[in-house]
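A.B. asks: Show me how the following folds:
(2 chains)
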Amino acid sequence: MSQFYTSTDHFVLIPAIMLALFGCATLLFDFLVPRQRRFLLVIVLAGLAFTGYGLYQQQSYLAASGFAELTAFNGSVTIDGFALFFNWIFLIAALIVVLVSYKYLEIEGEHHGEYYALVLFAQCGMFFLATGTDLVTLFVGLELMAICFYIKVGFLRGEKRSNEAAMKYLLLGAFSSGFLAYGFSLMYGISGSTRLADVAAAVAARPAWDPLVFLAMVTTAVGLFFKISAVPFHMWAPDAYEGAPTSVTAYLSVASKAASIAFLLRIFWVSPGPLAAAREMWEPLLIGVSLATLTVGNLAAINQTNVKRLLAYSSISHAGYMLLGLIAGNETGIKGIAVYMMVYMFMNMGAFIVVIALRRKEIIGEDLDDFAGLMHRNPVYAILMLVFLLSLAGIPPTAGFIGKYFIFLSLIETGHYALAVVAVLYAAVALYYYFKIVRSMFTRELVEKAPLASSFGLRLALGASGFMTLAIGLYPEPFLRLAQTSFMR
Amino acid sequence: MDQHLLSLVLFAPLVGLAVLLLIPSRAATAIKVWANVSAFVGFLISLLLVLRFDKNAAGFQFVERVDWIPALGVKYSIGIDGISLLLIMLSTVMGFLALLSSWNAVTDRLKEYYAMFLLLQTGMLGVFMALDFFLFYVMWELVLVPMYFIIGVWGGPRKLYAAIKFFLYTLAGSALMLLGILTLYFQHHQQFGFYTFEIAELMKLNMPLGMQQWVFWAFFLGFAIKVPMFPFHTWLPDAHVEAPTAGSVILASVLLKMGTYGFIRFSLPLLPQASIDHTIVQVLAALSIVGILYGALVSLMQQDWKKLVAYSSVSHLGFCTLGIFALNPNGLAGSVLQQLNHGISTGMLFLVIGIIYERRHTREIREYGGLAHVMPVYSVVFAIAMLSSAGLPLLNGFIGEFTILQGAFEANRVWAASAVLGVIFGAAYLLWLYQRTMLGQVTNPKNLHLPDLSLRELCVFLPLIAWAIWIGVYPKPYFDILEKPVQQIVERVRPGYYQGRAPALAASPIPRAAVPGAAAEGGH
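C.D. replies: Residues are numbered from 1 along each chain as shown, chains lettered A, B, ... in the order given. A predicted model of the protein is given here:
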């Protein structure tokens, strides 16, 4: 341990520092100068811009130096293509959320500075989830993110279902963190180190089906499955998604899921994945879980009448698809997860933004009935929603198809034909429930005639999501290259 | 010009669509006029294809290849041979006529209506042009969305059920087909070291028979649901009955052909060993024959005019698939020609139904009777459509069915014998339908003062009638166009088939001399 805080340490940490600094600044500003929310917004956006600049510098440094990665703090934080890719996803998701939240929180009557601070803090946690290569770093990052989300889910203090959602999420979340900590402690016990690389080496040295490794794997997996809302640890998701403020739901369903997927990949796959060597143990487990996730997610969504709940179940099923990529475990599969995640961010965010736009004073706007006749009320929103839903269902030429394409291809390549058949057939099931929304929008008569809530930020976010959903579908080349260069060395 | 002609045909409807979106929704007439004009211009451009098509050239013509997604090896690769040419012409003609027929039939949400049809048009054309499997799949799925809306928004009472059923059925099939495509794609990468979806490249694959069979069944599900072959036909009556007239016309005339085209373009050439596998051929021929007979028998029982025609499609498409899996030149050429014929005849039948439905708003057969007295021109048009569908010599249907039967006879006499029964049933249900609706005395007072065809309505029919007679009387140009591509496919599937035989189609007596003798056999 030569130096306590080197310049490399600092360079690697810049985005996190920016996020934390601006998060605190947001809190302070709101306290000192109350009710100046426009400035608040400026501070948050500046924070995100500085974070983005930090990431950009790291990216260009990696590109210029030719290093595959940049480690800091004696190997507990690593910047590599993988980490940067996910950090960009977190950043864009946060940006979209901030843009749409402004007007939405006004309508909800819960516009507070803490909201924005929590977005930045949560993103700070995600940063460590994507970059962390040490069990403790990862765990702290996870908790930082999770605690921010517990608060944000219950942000509508006056609303029962928001409180209930936060409570459920908190209790189950804490429970799952316990499992995870248990798994981590076993890994530490196996290896005597918290560095992922050391753990990986120790696990690889163990005999096949070593009971200790098995126990560590199962408990860690349980904690991770909870975070990505995989069945049977998905119970919290529909309630939390429904009760949370819609902007938080969007953020939760995208950023939190992306961070957890990054975490999952760090543990199970990306070198040095501590459990990568125990593949023969976790592959059957993962197959079972992903099948259950696809089944429950898709079948339970069919009967939902609340769009947020429907999208919650759909997001469960999307987690199932991403797990399939890990089961295949080859280059295509992992690249598929990356592409899927990128695509999922835009299409899922977009769908939630439309739900947000329907929210007005006195009108909750998240029932299927609230979508009735949206085509007559606002054709642009209706058509964009159609694009997002087609994309979620994986119909070409939208982005969702490209995501599913890689997952299916990876399954074929690795000979998981039966899984592939199940996965494609569930895509047809998914279409059915997505088209319940479409049916409501396009074939039913208009009930509520008042115009939609809208703001510049919301329109910007919606337009960008729509554009990306179509662009990735029609010309995926640059995005595929991005995923390729980020994930493959 | 020539090197981009095909793209021009493909994207002309989209250009029309883009302009259409700029027209304000209130300007109903402008929307109608513009939509019809763009469809008509699309048709005119596609006529250039016919003029410049070289029927003696082997392989694909008007080929365009541009990289689309190099990371996946996907190319924007389009081109046509004789088979695609005929189906493309069918699409552009029917696309235009379907729009023309909706002039008064559709009154609400005009702009969306026409926009959907133009989008549909591009999708259909893309399916018939694509030489890249990825592009094909994109186009194939692109068709589903507008058709869903056409049925689901402008359809009849059970439109939502019918629309989603159509969508889900096709999607489930095509999703499994996607797995088949990906298997080929991956196999190609294994064998040749690079990724591609191009059909010409995929044809070089050397796959074990077992894998070919699996892929064949994956393709089969995608295509058979679309055709639809028995027992995957249950979506069809619902979709047809609920769809608006123009939707039914396009669905029957063009969309169903996507399935048969898929068999011809992809299943046979890409999986030649699986395609001549005894079990597969037997199963497909059996399903085709069951479809022919079942569709015809169910048609006999129908009380609903439109449902009757819908089930007759199952029967007629059974002939097309039977012709394909006869796997000889007559069967294949007859099948393609019969696809064209079915498009013309059934398109006309649906238009006929649409016209009476516009006037009376019912399709119950027993509501009608003796219409020939009230609407003489209409009854003549219907007679021609009906006879062409029933396969009367000198009209188009006869040539197609006869050639298919010839092919089937060559392959297996039992097939031909069973399929002939379908011809007889076909004549029965169509003639009986005609008798019940058109002949006799006018029994229902509501029918006494129905107006006959207007000039616009007649204009929709005239080109189709002319086309039907042309094919019926002088089909030689069609067989000439089909000769090369059919020969290529047969040689691909059954190498050495042509050795020791005269080129079958050229020597075939059907185009000129077969009419008198054949009339006795298929005589109705």
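A.B. asks: which secondary structure elements does the longest strand seen in chain B contact?
C.D. replies: The single longest strand within chain B, with elements called by DSSP state E, is strand B:61-69. Packing contacts for strand B:61-69, counted by 3 or more C-beta pairs under 8 Å, 6 or more residues apart in numbering or on different chains; DSSP states H and E, involve helix A:477-487, helix B:5-22, strand B:74-80, helix B:133-142. The C-beta positions use only the backbone N, C-alpha and C, and glycine is treated the same way.
A.B. asks: tell me the most buried of those?
C.D. replies: Across these, the average number of neighbours (mean count of other C-beta atoms under 10 Å in any protein chain shown) peaks for helix B:133-142, which reaches a mean of 24.
A.B. asks: what does that helix contact?
C.D. replies: Taking contacts as C-beta atoms under 8 Å, 6 or more residues apart in numbering or on different chains, the residues outside helix B:133-142 that touch it are A:395-397, A:401, B:68-69, B:72, B:74-78, B:119, B:122-124, B:126-127, B:130, B:171, B:174, B:177-178, B:181, B:184-185, B:197-199, B:202, B:258, B:266.
A.B. asks: Which ones among those lie within strands?
C.D. replies: Per DSSP E, the subset of those in strands is B:68, B:69, B:74, B:75, B:76, B:77, B:78.
A.B. asks: export the residues you listed to JSON lines and tack on pLDDT?
C.D. replies: Formatted as JSON lines, these follow (pLDDT from 0 to 100):
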{"residue": "B:68", "pLDDT": "92"}
{"residue": "B:69", "pLDDT": "90"}
{"residue": "B:74", "pLDDT": "92"}
{"residue": "B:75", "pLDDT": "92"}
{"residue": "B:76", "pLDDT": "93"}
{"residue": "B:77", "pLDDT": "92"}
{"residue": "B:78", "pLDDT": "93"}
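A.B. asks: Out of those, which is nearest to chain A?
C.D. replies: residue B:69 (5.2 Å; C-beta to the nearest C-beta).
A.B. asks: wouldn't the closest one be in contact with residue A:478 here?
C.D. replies: No: taking contacts as C-beta atoms under 8 Å, residue B:69 lies outside contact range of residue A:478: 10.1 Å.
A.B. asks: distance of the residue nearest to residue A:99 when sequence neighbours are not counted from chain B?
C.D. replies: Excluding the flanking residues, the one nearest residue A:99 by C-beta to C-beta, 6 or more residues apart in numbering or on different chains is residue A:457, at 3.7 Å. To chain B, residue A:457 is 26 Å away according to C-beta to the nearest C-beta, to the nearest Å.
A.B. asks: Give me the distance from the one helix or strand residue A:457 maps to to the chain's centre.
C.D. replies: For residue A:457, the element it lies in under DSSP states H and E is helix A:456-474. When C-alpha coordinates are averaged (C-alpha atoms, centre = their mean, to the nearest Å), helix A:456-474 and its chain have centres 18 Å apart.
A.B. asks: just the angle between it and strand B:61-69, please?
C.D. replies: 130 degrees (axes from the mean of the first three to the mean of the last three C-alpha atoms, to 10 degrees).
A.B. asks: Which elements pack onto helix A:456-474?
C.D. replies: Applying 3+ C-beta pairs under 8 Å, 6+ apart, we find helix A:456-474 packed against helix A:81-108, helix A:331-358, helix A:379-393, helix A:399-413.
A.B. asks: Mind checking what helix or strand follows the second one in sequence?
C.D. replies: The one in question is helix A:331-358. Taking DSSP H and E, what comes next after helix A:331-358 is helix A:374-377.
A.B. asks: Pull out the buried residues from that next one.
C.D. replies: By 16 or more other C-beta atoms under 10 Å in any protein chain shown, the buried positions in helix A:374-377 come out as A:374, A:375, A:377.
A.B. asks: can you list those residues in TSV and add pLDDT and distance to chain B?
C.D. replies: Formatted as TSV, those follow (pLDDT from 0 to 100; distance: C-beta to the nearest C-beta, whole Å):
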residue	pLDDT	distance to chain B
A:374	87	13
A:375	87	8
A:377	85	14
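A.B. asks: Show me the shaky parts of chain A.
C.D. replies: A:1-3, A:488-489 (pLDDT under 70).
A.B. asks: List, one by one, the residues from it near chain B.
C.D. replies: A:375, A:390, A:395-397, A:401, A:405, A:408-409, A:412-413, A:417, A:420-421, A:424-425, A:427-428, A:431-432, A:435, A:439, A:442-443, A:475-477, A:480-481, A:484 (C-beta under 8 Å from any C-beta of the partner chain).
A.B. asks: Give the burial count for the residue in the stretch 401-524 of chain B that chain A sits nearest to, as a bare number.
C.D. replies: Using C-beta to the nearest C-beta, the single residue of the stretch 401-524 of chain B nearest to chain A is residue B:492, 24.7 Å away. Look at residue B:492: counted by other C-beta atoms under 10 Å in any protein chain shown, it has 15 neighbours.
A.B. asks: for it, what are its contacts?
C.D. replies: Neighbours of residue B:492 in contact, by C-beta under 8 Å, 6+ apart: B:203, B:268, B:269, B:272.
A.B. asks: Which one (most neighbours) among those?
C.D. replies: Result: residue B:268 is most packed of these (other C-beta under 10 Å), 22 neighbours.
A.B. asks: Just the pLDDT at that one, thanks.
C.D. replies: pLDDT, residue B:268: 92.
A.B. asks: what helix or strand does it sit in?
C.D. replies: Using DSSP H and E, residue B:268 sits in helix B:268-270.
A.B. asks: cool, residue B:95 as well?
C.D. replies: helix B:82-101.
A.B. asks: CA-only coordinates of that helix, as CSV, when you get a sec.
C.D. replies: The C-alpha trace of helix B:82-101 is given here as CSV (Å, rounded to 0.1, in the frame of the first residue of the first chain):
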residue,chain,number,x,y,z
GLY,B,82,-40.5,-14.6,-62.3
ILE,B,83,-42.3,-15.8,-59.2
SER,B,84,-41.8,-12.6,-57.3
LEU,B,85,-42.7,-10.5,-60.3
LEU,B,86,-46.1,-12.1,-60.6
LEU,B,87,-46.8,-11.6,-56.9
ILE,B,88,-45.5,-8.1,-57.0
MET,B,89,-47.8,-7.2,-59.8
LEU,B,90,-50.7,-8.8,-58.0
SER,B,91,-49.9,-6.7,-54.9
THR,B,92,-49.7,-3.4,-56.8
VAL,B,93,-52.9,-4.1,-58.7
MET,B,94,-54.9,-5.3,-55.8
GLY,B,95,-53.5,-2.6,-53.6
PHE,B,96,-54.7,0.1,-55.9
LEU,B,97,-58.1,-1.5,-56.5
ALA,B,98,-58.7,-2.2,-52.9
LEU,B,99,-58.2,1.5,-52.1
LEU,B,100,-60.4,2.5,-55.0
SER,B,101,-63.1,0.2,-53.7
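A.B. asks: related to what we said a few turns ago, determine which two of the ones in strands among the contacts of helix B:133-142 are furthest apart.
C.D. replies: Using C-beta to C-beta, the ones in strands among the contacts of helix B:133-142 span at most 15.4 Å, a distance reached by B:69 and B:78.
A.B. asks: can you tell me how far residue A:98 sits from chain B?
C.D. replies: For residue A:98, the distance to chain B (C-beta to the nearest C-beta) stands at 32 Å.
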